[in-house]
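# I would like to see how this sequence folds:
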Amino acid sequence: MIDHNAVLAALRNVKDPKTGGDIVSARMVEDFRVEDNNISFSIVLKSNDNDLKSSLNFACMGEIAAIYPDAQVHIHLKIKSDATESTDSVLPQVKNVIAVASGKGGVGKSTVAVNLAVALSNEGYKVGLIDADLYGPSIPTMMGLQGQRPKVELLYGKHKIIPLYAHGVM
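Here you go, the predicted model:
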């Protein structure tokens, strides 16, 4: 069995060439997992420096191979700039936002948005769709929800809008 503390101790020997500190103390290691003979983790970098990515990747592989030569090591490299580390997001529970927009009317924005939402839902993603058309929302018609209105319920002491649901999309 692979001891996860031994792997972390080995990763403390890997130094960030820019700061000189070890990557574990610098909180550059995320999503650390040990399952059977598999070790996986992410290394978080602040820039997309290919030389840095390569050197850290090989250094981590070398340190782990020294103590567990038969381990299957999976290292993911993430780029996270200081600008993306803000936790003041308006929608912290939303991972991705896709906007469909045009400066011209009648070009199929609503059709594209509905088809994209339903296709993503069919692929297993949780999808929400908002029609922000000021002159007449057409998405309720396309989704078969004409005349329906979202409900408002008291949830945990706060009023929450319960969105309409059709074709796997909220």
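
# Let me know the secondary structure of the residue lying farthest from the centre of the chain.
The outermost residue of the chain relative to its centre, with distances by C-alpha atoms, centre = their mean, is Gly147 at 35.0 Å. Following DSSP: H, G, I helix; E, B strand; the rest coil, Gly147 is assigned to coil.

# who touches the closest residue to it other than its chain neighbours in this structure?
Of all residues not flanking Gly147 in the chain, Pro140 sits nearest, at 8.0 Å (C-beta to C-beta, 6 or more residues apart in numbering). The way it works is simple: take the backbone N, C-alpha and C, and place the C-beta from them, glycine included. Residues near Pro140 by C-beta atoms under 8 Å, 6 or more residues apart in numbering: 131, 146-148, 164.

# how about the residue nearest to the spatial centre of the chain, phi and psi?
Nearest to the geometric centre of the chain sits Lys95, at 5.4 Å (C-alpha atoms, centre = their mean). Here is the backbone geometry of Lys95 (degrees, to the nearest 10): phi -80, psi -40.

# go on, the one 3 residues further on?
Backbone torsions of Ile98, given as degrees, to the nearest 10, read phi -120, psi 120.

# Check which helices and strands the lengthiest helix in the chain sits against.
Ranked by number of residues, the top helix in the chain under DSSP state H is helix 50-67. Using 3 or more C-beta pairs under 8 Å, 6 or more residues apart in numbering; DSSP states H and E, the elements in contact with helix 50-67 are helix 4-11, strand 38-45, strand 72-79.

# Export the second one to PDB, keeping only CA atoms.
What follows is strand 38-45, C-alpha atoms only, in PDB (Å, rounded to 0.1, in the frame of the first residue of the first chain):
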ATOM      1  CA  ASN A  38      -2.500   5.200  -8.300                       C
ATOM      2  CA  ILE A  39      -1.300   8.600  -7.200                       C
ATOM      3  CA  SER A  40      -2.900  11.700  -8.700                       C
ATOM      4  CA  PHE A  41      -2.700  15.400  -7.900                       C
ATOM      5  CA  SER A  42      -2.700  18.800  -9.600                       C
ATOM      6  CA  ILE A  43       0.200  21.300  -9.600                       C
ATOM      7  CA  VAL A  44      -1.200  24.800  -9.600                       C
ATOM      8  CA  LEU A  45       1.000  27.400 -11.400                       C
END
